[in-house]
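In: Kindly return the folded structure for what I paste below:
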Amino acid sequence: MTTTRKIIPGAVYMMKTFAGPDVKGRILHPAKHCEGAYFYVMLNPHDIEKLIKHGVPYSKGVDPQKCEGIVYDFQIIKRVYSKRKRKRKDVKK
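Out: Residues are numbered from 1 along each chain as shown. A predicted model of the protein is given here:
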């Protein structure tokens, strides 16, 4: 299965999981054994807790950066951008 969007390694994406909940992860690199698959690591420890509640056999207290997994292109929902702080012009000093 191919996609028209370009998946950028190092970028953060919101992804569906087969267990149910949506998680945020950073794409590491494309998988060589399968077209349309990517290796990723999770970023948020709350995502691991959501997966534990849905039956995934993780132990509590696992570092999210060590949870490497594989995601397919049809599971990627959208790219997540960092929030930028805006400088307010109407602030009185």
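
In: how long is stretch 54-69 end to end?
Out: Using Cα to Cα, to the nearest Å, the end-to-end distance of stretch 54-69 comes to 17 Å.

In: contacts for that stretch?
Out: For stretch 54-69, contacts defined as Cβ atoms under 8 Å, 6 or more residues apart in numbering pick out 19-21, 25, 28, 39-45, 47-49, 51-52. Glycine gets a C-beta too; all of them are placed from N, C-alpha and C.

In: Report the buried residues of that stretch.
Out: Residues of stretch 54-69 classed as buried: 64, 67 (neighbour count, 16 or more other Cβ atoms under 10 Å).

In: and that stretch, average pLDDT?
Out: In this model, stretch 54-69 has a mean pLDDT of 86.

In: Repeat that for stretch 86-93.
Out: In this model, stretch 86-93 has an average pLDDT of 68.

In: again, but for stretch 5-21
Out: Across stretch 5-21, pLDDT averages out at 92.

In: With only the CA atoms kept, save that stretch in PDB.
Out: Taking Å, rounded to 0.1, in the frame of the first residue of the first chain, the C-alpha atoms of stretch 5-21 are listed here in PDB:
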ATOM      1  CA  ARG A   5       2.100  12.000   1.600                       C
ATOM      2  CA  LYS A   6       5.800  12.200   2.300                       C
ATOM      3  CA  ILE A   7       6.800  10.800   5.700                       C
ATOM      4  CA  ILE A   8       9.800  12.600   7.100                       C
ATOM      5  CA  PRO A   9      12.200  10.700   9.400                       C
ATOM      6  CA  GLY A  10      12.700  12.700  12.600                       C
ATOM      7  CA  ALA A  11       9.200  14.300  12.500                       C
ATOM      8  CA  VAL A  12       6.500  13.700  15.100                       C
ATOM      9  CA  TYR A  13       3.200  12.000  14.000                       C
ATOM     10  CA  MET A  14      -0.100  11.000  15.600                       C
ATOM     11  CA  MET A  15      -0.700   7.300  14.800                       C
ATOM     12  CA  LYS A  16      -3.400   4.700  15.300                       C
ATOM     13  CA  THR A  17      -2.500   1.500  17.000                       C
ATOM     14  CA  PHE A  18      -3.900  -2.000  16.500                       C
ATOM     15  CA  ALA A  19      -4.700  -2.000  20.300                       C
ATOM     16  CA  GLY A  20      -7.100   1.000  20.000                       C
ATOM     17  CA  PRO A  21      -5.700   4.300  21.300                       C
END
